[in-house]
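1. Fold the following for me, if possible:
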Amino acid sequence: METVSNAIIDGVRAKAGLDEKKIRRAVDAIKDWLQQQPHLPHQYDERQLERLFLRCKKSVERAKDVLEMYYTLRTALPEIFSNRDPTQEWFRKITSVRIFLPLPQLTEEFDRVTISAILDPDPDKYSVIDAVRLLFMSFDLMMRDDYYMADIFIFDVNNFTLGHAAKYTIPIWKKIEVCGLRGFNSRVKAIHIINAGAYLDATINMVKSLLKPKMAARIHIHRKGSESLHQHVTTKILPLEYGGEAGQMSDLWALWVKRLESNRDWFLQQENLKSDESKRPGKSIDTGELFGFQGSFRRLSLD
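-> Numbering: from 1, shown residues only. You can find the predicted model right below:
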């Protein structure tokens, strides 16, 4: 992921119809609202608030809703949003078999392309919870440091076996969807599934059935041996392994892993930034609505 230059910031702001004055006014409004919420953290990074406002299509009210959900999910899902020390053994293991790599260059429309791939076809070496934890650690770092319009995801399923698919239960998929779309408000422009064999059609159709029709329509399938991805993503951005010009994926991945590791202290501090449900005014969060199972947030947290 390239360093955010003034040219990128100016380009994104121009495309979004924003200027410094509008952004300052929005960030101040979000900060004021946060200070009035007894159950939400009063520590925040203004860079993240600005990027969140951008993700929320310049809506302060939408940004408030997303922040509410973001901090609530960090309390509701400790298996994902705690134990995020990148010096621990789980991190070494998952980064040796799984990639979630934001590519260095933005598209001409200021979108970020991210590759998700499994390196080892042995599902016994794969922890789905660790993979999801890695995913949202990367999202957190991107929300702090990156500056772009929308997400384009490339899922390389070449080493994704039925054994891996079995680990991704419907509740896991639902948590990923809720966290990604409601907690981080990822603006997904397109999802490209590459090296897809017919044996995964049932899994892909199951995932699409869990998504809203608008989101499901953004999924593009590219069969093994096809170069149709290049019709959507320029080769200038892609790694050599995908017919691109941006260098070896293993080198790019090593740099991203190092970046995650170098932010260890920040990740550990972030674990404390979550909702305090004992101070939440009004009605508690209904996990049945969030994840599709019964029980309130407070009931879940006590069981």
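2. mind checking how far the most centrally placed residue in the chain is from T114?
-> With distances taken as C-alpha atoms, centre = their mean, the residue of the chain nearest its centroid is F139 (4.1 Å). Per C-beta to C-beta, to the nearest Å, F139 is found 9 Å from T114. No exception for glycine: its C-beta is placed from N, CA and C like everyone else's.
3. In what element of secondary structure is the residue nearest to the centre of the chain found?
-> F139 is part of helix 128-145, with elements assigned from DSSP states H and E.
4. Ok, I221 next?
-> Here I221 is assigned to strand 219-223, by DSSP H and E.
5. List of residues touching that strand?
-> 190-197, 204, 208, 211, 228-229, 232 (C-beta atoms under 8 Å, 6 or more residues apart in numbering).
6. Buried members of the residues you listed into PyMOL, please.
-> To isolate the buried subset of the contacts of strand 219-223 in PyMOL, counting by 16 or more other C-beta atoms under 10 Å, use the following:
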select buried, resi 190+191+192+193+194+195+196+204+211+229
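7. can I get the contacts of strand 219-223 in TSV with pLDDT, secondary structure and distance to M143?
-> What follows is the contacts of strand 219-223, written out as TSV (pLDDT from 0 to 100; DSSP: H, G, I helix; E, B strand; the rest coil; distance: C-beta to C-beta, whole Å):
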residue	pLDDT	secondary structure	distance to M143
A190	92	strand	20
I191	91	strand	19
H192	93	strand	22
I193	91	strand	24
I194	91	strand	26
N195	89	strand	29
A196	81	strand	29
G197	76	coil	34
I204	77	helix	27
K208	79	helix	26
L211	75	coil	22
S228	86	helix	31
L229	88	helix	26
H232	91	coil	24
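8. Residues in a beta bridge with the residue nearest to S226 when sequence neighbours are not counted, which ones?
-> Residue nearest to S226 in three dimensions, not counting chain neighbours: I194, with 7.8 Å by C-beta to C-beta, 6 or more residues apart in numbering. Beta-bridge partners of I194, counted by DSSP bridges, are D156, H222.
9. Contacts only, for L34.
-> Counted by C-beta under 8 Å, 6+ apart, L34 has contacts 40-42, 44, 67.
10. list the contacts for the residue nearest to the centre of the chain?
-> F139 sits in contact with 180, 184, 186, where contact means C-beta under 8 Å, 6+ apart.
11. Also T107?
-> Counted by C-beta under 8 Å, 6+ apart, T107 has contacts 113, 152, 233-234, 237.
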